[in-house]
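A.B. asks: Sharing a model that was predicted from the sequence below.
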Amino acid sequence: MNLGVLGINFAYVGSAALFIFGLKMLSSPATARKGNLLSALGMLLAIVVTLLSHGLDYRWIIIGMCIGGGIGLFAAYKVEMTSMPEMVALFNGFGGISSLLLAWGEFHQHPEMSVFLAAVAFLSAFIGGMTFTGSMVAFGKLSGKISQQAVIFKGQHLINGAILVAALAAALIFSLTPASWVGYLFFVVIVLVALGFGVTSTIPIGGADMPVVISLLNSYSGLAACAAGFVISNNILIVAGALVGASGIILTKIMCKAMNRSLANVLFSGFGTTTAAATGGDGPQGEIRPATAEDVYYILEAADSVAFVPGYGLAVAQAQHVVRELGDLLEANDTEVSYAIHPVAGRMPGHMNVLLAEANVPYDQLVEMDDINPRMDTIDVCVVIGANDVVNPAALDDENSPIYGMPIIETHRARTVIVLKRSMNPGFAGIQNALFFGENSRMYFGDAKASIQALVAEFKGSD
């Protein structure tokens, strides 16, 4: 079936429009699901039109779609929401390796490339390979299969610089002689160098900084796909890759701002490596005030306004559903309930939004950091669940702290703060949290889910 150039391009324009509207809807929790569906519809349209217009052999395509669709369905139903960050890292990696293989396949079939096509084939292969191995390292850190600590080695920057120089030299030789055995040899070199660079550029980044890394790798996967679109002359792949690349960079900038880091720091500085040991800020800073479930119940029962501040501990304990249940009980007690969301809480952008959405927390109760901070003085109780560095006052007043300057949710200004933690162990930044020792703070120790279930039982028992 030949759709004609005009029909194909018209369908691609429709697909691109669906991508754009879908991305726009993803910016709000209230419309994110519809945005995801629109984007998926746009991708389906692009795939169908491409298959119908090029007269391809459907046998292998159908087999591939069945295998990939089966894996996707299994992941969607079986992977816990708490494991979503590592799954996103895997998907970024798969996008990168797809672009690499696409560029390699096109070069293998049509080695007589122009200098321009050879250059974009290099970009697709190099960025795709780097994204694949970098994403695998991110997956390993997020899933705990490798150390979450930043791995720093001597001469790190020199090695990464040498890798980039080698890649550019190989790209130049390949672009000038793609059809010769020399060109093929240097293409293989490019692939190997890219795979190595993905590891050496990601391994120095600590687990606490994974939200920035995931955003950046997502952008890389889009850029690789965009370059692959030029290689095979597919307009919709160029547009889709450019959209993903641009949106990923924008999200990376937002994450960097939320962590008080520059993009250059992300790319070149092996960030996430400072610890409290260097500043001496990891020791006790006062006396803690522990609380029991009954104590916390009486505090919450008397409150007119309660703000929950979720962190990675909420995800680990899978406590989102019981938090929603406690929120409903508080609302039934005529308490105003909100959920304060820090942009980098958790392990990926929007991690807390995803968890709370799974528990059907009303979207209008989700409040961003910049909106909750100005009215923090009026909130009766802040309940911090598994958050640490994103609520640490040291970011505001301790110039020697490794997180100094990072915007935080200023829970210490609330009238009362209830902190749910398993122990007094510090967060990813490796420093003790001054919030825990505040005069208005009470420490409620234990597993977050079990602790909140105890509070739910207290409320129900009082009825």
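C.D. replies: Nice, I can see it. Residues are numbered from 1 along each chain as shown.
A.B. asks: what about the residue nearest to the spatial centre of the chain, distance to P85?
C.D. replies: The centroid of the chain falls nearest to M348 when counting by C-alpha atoms, centre = their mean (2.7 Å). According to C-beta to C-beta, to the nearest Å, M348 and P85 sit 4 Å apart. No exception for glycine: its C-beta is placed from N, CA and C like everyone else's.
A.B. asks: Show me whatever sits in contact with both of those two.
C.D. replies: Shared contacts of M348 and P85, defined by C-beta atoms under 8 Å, 6 or more residues apart in numbering, comprise M210, I214.
A.B. asks: Just confirm I20 contacts V244, I think it does.
C.D. replies: No: I20 lies out of contact with V244 (C-beta atoms under 8 Å); the separation is 11.6 Å.
A.B. asks: Tally up the residues packed near the closest residue to V193 other than its chain neighbours, please.
C.D. replies: Spatially, and ignoring its direct neighbours in sequence, V193 is nearest to A167 (4.8 Å; C-beta to C-beta, 6 or more residues apart in numbering). For A167, the count of nearby residues is 22 (other C-beta atoms under 10 Å).
A.B. asks: buried stuff in the helix or strand containing A167?
C.D. replies: Assigned by DSSP states H and E, A167 belongs to helix 156-176. For helix 156-176, a neighbour-count test (16 or more other C-beta atoms under 10 Å) marks N160, I163, A166, A167, A170, A171, I173, F174, S175 as buried.
A.B. asks: Could you single out the nearest of those to Y12?
C.D. replies: Nearest to Y12, judged by C-beta to C-beta, of the buried residues of helix 156-176 is S175 at 28.0 Å.
A.B. asks: Was I right to think the closest one contacts F122?
C.D. replies: Yes: using C-beta under 8 Å, S175 makes contact with F122 at a distance of 6.5 Å.
A.B. asks: Could you say which helix or strand holds the residue lying closest to L164 once chain neighbours are set aside?
C.D. replies: Leaving aside its chain neighbours, L164 sits nearest to F197 (7.3 Å; criterion: C-beta to C-beta, 6+ apart). Assigned by DSSP H and E, F197 belongs to helix 181-202.
A.B. asks: pull the CA atoms of the helix or strand following that helix into CSV?
C.D. replies: On the C-terminal side of helix 181-202, the nearest following helix or strand under DSSP H and E is helix 210-232. Taking Å, rounded to 0.1, in the frame of the first residue of the first chain, the C-alpha atoms of helix 210-232 are listed here in CSV:
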residue,chain,number,x,y,z
MET,A,210,19.7,10.3,40.2
PRO,A,211,16.7,12.6,39.4
VAL,A,212,19.1,14.9,37.5
VAL,A,213,20.8,11.9,35.8
ILE,A,214,17.6,10.3,34.7
SER,A,215,16.4,13.6,33.2
LEU,A,216,19.7,14.0,31.4
LEU,A,217,19.8,10.4,30.0
ASN,A,218,16.2,10.9,28.8
SER,A,219,17.4,13.9,26.9
TYR,A,220,20.3,11.9,25.5
SER,A,221,18.0,9.2,24.3
GLY,A,222,15.9,11.8,22.4
LEU,A,223,18.9,13.3,20.8
ALA,A,224,20.1,9.9,19.7
ALA,A,225,16.7,9.2,18.1
CYS,A,226,16.7,12.6,16.4
ALA,A,227,20.1,11.8,14.8
ALA,A,228,18.9,8.4,13.8
GLY,A,229,15.9,10.1,12.1
PHE,A,230,18.3,12.0,9.9
VAL,A,231,20.2,8.8,9.1
ILE,A,232,17.1,7.0,7.7
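A.B. asks: which intervals of the stretch 1-150 of the chain have sub-threshold pLDDT?
C.D. replies: For the stretch 1-150 of the chain, residues meeting the criterion pLDDT under 70 lie at 1-4, 54-56, 81-82.
A.B. asks: can we see that at 50?
C.D. replies: Across the stretch 1-150 of the chain, the ranges flagged by pLDDT under 50 are 1.
A.B. asks: on that earlier part again, quick check: the residue nearest to the centre of the chain vs V151, distance?
C.D. replies: Plainly put, M348 is 21 Å away from V151 if you go by C-beta to C-beta.
A.B. asks: and E294, what does it touch?
C.D. replies: Residues in contact with E294 (C-beta under 8 Å, 6+ apart) are E458.
A.B. asks: ok, so what distance separates it from V49?
C.D. replies: On the measure of C-beta to C-beta, E294 and V49 end up 63 Å apart.
A.B. asks: and if you look at S135?
C.D. replies: Using C-beta to C-beta, S135 is found at 29 Å from V49.
A.B. asks: Comparing these two, which residue is more hemmed in?
C.D. replies: For S135 versus V49, neighbours defined as other C-beta under 10 Å are more numerous around S135 (29 against 20).
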